[in-house]
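In: Structure here, sequence nowhere to be found:
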C-alpha cells in the first residue's frame with residue numbers, strides 16, 4: 001500500500017474570529033483561509049466560493065452570507081449577534097471548516113488577584129504564610145478592599161518512594177477562615193496553622209493539600225475570586241530525573257535532575273548521586289505469553305532445562321540484576337542541573353542504574369534505568385534478541401540521522417523500511433549476529449512533514465516490531481511575526 005499514495009485533493013478552511021466571547025448585539029468579525037491539501041502539499045485556494053452560516057446555541061441558522069476567496073485564498077466578513085436569543089456557544093461554519101465562540105451577558109472585571117510563589121519548604125506543624133495582591137488591570141493597587149478567605153485541608157494522593165502506596169481519599173475539612181483588608185499597596189497576608197490526622201496502621205504521615213480560597217470585594221462592590229494551593233507533609237521536597245531511557249554516549253549532555261518543594265518552586269538540596277553498571281543474565285529471554293505464576297510447581301532447574309529461553313520468575317527485571325557501583329559523589333542541586341556528562345561520555349555501552357537522594361532525608365529519592373549506547377561500536381548495549389535506537393527524532397533537510405539496530409542472538413534477520421507519507425522509499429533485510437549495525441539516513445527536502453522508519457523481525461516464535469516517527473518541520477515556511485502598538489494620544 002506504500003506505493004499507492006492518495007492523490008485526492010481535499011479543501012480545508014480555517015476560520016478565525018476577532019474575539020472568543022461577545023455580548024448579544026455585538027458584531028463578530030471573522031476571517032477565513034482556504035487551502036487545498038494533498039498529503040503534505042498545501043496550496044492556497046483563490047476564487048473559491050462558499051457560504052458562511054451563523055448558528056446559535058441551539059445550532060439553528062441565524063444568518064447566512066456568501067464569500068469568495070481573494071488571490072491570497074482568504075475572505076473576511078461580519079455577523080451581528082441577535083439580541084433576546086439564547087446565550088451560549090455559537091458557531092460560524094462553511095462546508096469545509098468551522099469556528100465557535102461564546103455569547104454571554106458578562107461584565108468586564110476591573111481588577112485581578114494574584115498570589116506570590118511559595119518558595120519556603122514547609123512541614124506539618126509549621127505556620128503557613130500566603131501573600132496575595134489585588135490590583136487593577138492598569139496596575140493600580142486595590143486598597144482597603146475586603147478579603148474573605150477560607151482554608152480547606154485534604155490528603156494528597158501521592159506515592160511514597162519505597163512503598164508506592166496511595167493514601168485513601170479523606171473528607172475535606174475547613175481549618176481556617178476570616179475577613180481581612182488589603183493595605184495601601186493592595187496586598188494581603190493570610191496565616192494558618194497546619195495539623196495532621198494520624199491514622200491507625202499508617203506507615204507514614206501523609207502529605208496534605210491546603211486550598212486557600214479568597215473573595216475580594218472592592219469599594220464599588222465588585223467581587224473577584226481566586227485560589228491557590230499549598231502542599232505540606234512528611235515529604236517536603238521532591239527530586240526527579242529527566243532523561244531518555246536510551247542515551248548516545250558520544251552526544252550526551254548529561255542527565256537533568258531537578259529539586260523542587262511541593263508547591264513546584266525550585267529549591268536547593270544537598271544530594272548523593274550514585275551510578276551503577278548492571279550485569280544482565282548470560283542467556284536470552286523471550287517475552288512471556290502468560291502472567292507471572294503465583295505458585296511455582298516446577299523446580300527452576302527443570303524449567304530451565306525444558307524452556308531455556310523463558311523467564312522462570314523475575315530474572316528478566318533490571319531491578320534483580322547484579323549492580324556494580326561506578327560513581328558516587330555529593331552534589332548541591334539548585335533547581336535544575338545537568339549531571340554526569342563527562343562520566344557518561346567515558347563509560348562503556350550497557351545498562352546503568354542512577355539514583356539521587358537527599359542527604360538529610362533518604363526517603364526523598366529519585367531513580368532511573370538508562371541504556372548507554374555508541375554508534376562507533378559494533379557491540380549491542382543490551383542482551384536482547386531485538387534492540388534499536390534512533391539518534392534524533394527531529395531533523396532538518398540535509399542533516400544525517402542514525403538508526404542503531406542490534407541483536408544479542410545469532411543470525412537475526414530484521415526487515416528495515418523507510419516510509420515517506422504513503423510512499424515506500426527503501427526496504428532492506430538486515431542480518432545481525434551478536435552485535436549491532438548503524439544505518440545512516442540522510443534527511444531530504446521531500447521528507448518535510450515527517451517520515452517513518454519501521455523495523456520487524458520474527459524469531460523463537462515471537463514477533464518484534466518497532467516504528468520511529470521522525471519530525472521534519474516546515475521551518476522554511478515559518479513566519480516572522482512582530483506586534484506593534486500605536487496610541488493616538490490626541491483622542
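Out: Yep, that arrived. Because the structure is predicted, anything quoted here is derived from the model rather than measured.
In: so where is the chain shaky, pLDDT-wise?
Out: 1-7, 40, 157-170, 196-205, 487-491 (pLDDT under 70).
In: And the helices in it?
Out: With DSSP state H as the criterion, the chain has helices at 300-306, 341-346.
In: most packed of those?
Out: helix 341-346 (a mean of 14; mean count of other C-beta atoms under 10 Å). Where C-beta positions appear, they are placed from N, C-alpha and C, glycine not excepted.
In: How many residues are close by the nearest residue to residue 402 once chain neighbours are set aside?
Out: Nearest residue to residue 402 in three dimensions, chain neighbours excluded: residue 391, at 4.5 Å (C-beta to C-beta, 6 or more residues apart in numbering). By the measure other C-beta atoms under 10 Å, the count of residues near residue 391 is 19.
In: what's residue 391 in contact with, if anything?
Out: 248, 251, 375, 401, 402, 403, 404 (C-beta atoms under 8 Å, 6 or more residues apart in numbering).
In: Of those, select the buried ones using a ChimeraX command.
Out: Applying 16 or more other C-beta atoms under 10 Å to the contacts of residue 391, the buried members can be selected in ChimeraX as follows:
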select :248,375,401,403,404
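In: Just give me the closest of the contacts of residue 391 to residue 191.
Out: When these are compared for distance to residue 191 (C-beta to C-beta), residue 251 wins out at 50.7 Å.
In: How about that closest one, nearest residue that isn't a chain neighbour?
Out: Residue 251 sits nearest to residue 391 (C-beta to C-beta, 6+ apart), 7.3 Å away.
In: One more: residue 265?
Out: Using C-beta to C-beta, 6+ apart and skipping residues adjacent in sequence, the residue nearest residue 265 is residue 119, 4.6 Å away.
In: how about the one you found, what does it touch?
Out: 261, 265, 267.
In: I'd like to know which of those is nearest to residue 97.
Out: residue 265 (42.9 Å).
In: State the distance from residue 222 to residue 186.
Out: Shown here: residue 222 relative to residue 186, a distance of 14 Å by C-beta to C-beta, to the nearest Å.
In: So for the two, which residue has more residues nearby?
Out: A side-by-side neighbour count of residue 222 and residue 186, using other C-beta under 10 Å, places residue 186 first with 22 against 14.
In: Quick check, the more buried one in contact with residue 143.
Out: Yes. The pair residue 186 / residue 143 is scored as a contact, 5.8 Å apart, by C-beta atoms under 8 Å.
In: picking that back up, would you tell me which one of the contacts of residue 391 comes nearest to residue 286?
Out: The closest of the contacts of residue 391, once distances to residue 286 are taken by C-beta to C-beta, is residue 404, at 21.8 Å.
In: number of nearby residues for the nearest residue to residue 146 once chain neighbours are set aside?
Out: Excluding its sequence neighbours, the residue lying closest to residue 146 (C-beta to C-beta, 6+ apart) is residue 217, at 4.5 Å. For residue 217, the neighbour count with other C-beta under 10 Å is 16.
In: For residue 181, see how far away residue 217 is.
Out: 10 Å.
In: if I pick residue 181, what's in contact with it?
Out: Counting by C-beta under 8 Å, 6+ apart, the residues that residue 181 touches are 144, 145, 146, 147, 188.
In: ok, back up a step: and the residue nearest to residue 146, what are its bridge partners?
Out: residue 146, residue 223 (DSSP bridges).
In: From residue 192, how far out is it?
Out: Distance from residue 217 to residue 192, by C-beta to C-beta: 21 Å.
In: give me every residue that touches residue 34.
Out: Taking C-beta under 8 Å, 6+ apart, one finds 11, 12, 13, 44, 45, 48, 50, 69, 73, 74, 96 in contact with residue 34.
In: Mind checking which of the residues you listed land in strands?
Out: 11, 12, 13, 44, 50, 74 (DSSP state E).
In: Among the residues you listed, name the buried ones.
Out: Buried among the ones in strands among the contacts of residue 34 by 16+ other C-beta under 10 Å: 13, 50, 74.
In: Just the closest of those to residue 101, please.
Out: residue 13 (16.3 Å).
In: hang on, isn't that closest one packed against residue 92?
Out: No. Using C-beta under 8 Å, residue 13 makes no contact with residue 92, being 10.5 Å away.
In: Strands of the stretch 151-300 of the chain, residue ranges please.
Out: Remark: strands assigned in the stretch 151-300 of the chain by DSSP state E, counting those that start in this stretch are 173-181, 187-193, 208-217, 223-232, 237-242, 246-248, 255-261, 268-279.
In: and these as a markdown table, adding distance to residue 125?
Out: Shown next, in a markdown table, are the strands of the stretch 151-300 of the chain (distance: least, C-beta to C-beta, whole Å):
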| stretch | distance to residue 125 |
| --- | --- |
| strand 173-181 | 13 |
| strand 187-193 | 8 |
| strand 208-217 | 11 |
| strand 223-232 | 9 |
| strand 237-242 | 16 |
| strand 246-248 | 42 |
| strand 255-261 | 16 |
| strand 268-279 | 21 |
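In: re the thing from before, now, which of the buried ones among the ones in strands among the contacts of residue 34 sits nearest residue 232?
Out: residue 13 (51.5 Å).
In: beta partners for the residue nearest to the closest one when sequence neighbours are not counted?
Out: The shortest distance from residue 13 to any non-neighbouring residue, by C-beta to C-beta, 6+ apart, is to residue 97 (3.3 Å). Residue 97 has the following beta-bridge partners by DSSP bridges: residue 94.
In: you'd agree residue 443 is up against residue 398?
Out: Yes. The criterion here is C-beta under 8 Å, and residue 443 meets it with residue 398 at 6.7 Å.
In: who's more crowded, these two?
Out: More neighbours surround residue 443 than the other of residue 443 and residue 398, with 18 against 9 (other C-beta under 10 Å).
In: Tell me who's in contact with the more buried one.
Out: Per C-beta under 8 Å, 6+ apart, neighbours of residue 443: 395, 396, 397, 398, 399, 400, 401, 470, 472.
In: just the buried members of the residues you listed?
Out: For the contacts of residue 443, buried by 16+ other C-beta under 10 Å: 395, 401, 470, 472.
In: one step back: just to check, the residue nearest to residue 146 is in contact with residue 144?
Out: No. Counting by C-beta under 8 Å, residue 217 stays clear of residue 144, with 10.6 Å between them.
In: Quick check: chain neighbours aside, which residue is closest to residue 405?
Out: Residue nearest to residue 405 in three dimensions, not counting chain neighbours: residue 388, with 4.9 Å by C-beta to C-beta, 6+ apart.
In: whoops, I mixed them up, residue 260
Out: residue 238 (5.1 Å).
In: these two touch, right, the one you found and residue 364?
Out: Yes. At 7.2 Å, residue 238 counts as touching residue 364 under the criterion of C-beta under 8 Å.
In: Between those two, tell me which one has more neighbours.
Out: The residue with more neighbours, out of residue 238 and residue 364, is residue 364; 21 against 18, by other C-beta under 10 Å.
In: Number of residues surrounding the residue nearest to the more buried one when sequence neighbours are not counted?
Out: Distances taken as C-beta to C-beta, 6+ apart place residue 358 nearest to residue 364, at 3.9 Å, with adjacent residues excluded. Residue 358 sits with 21 neighbouring residues when counted by other C-beta under 10 Å.
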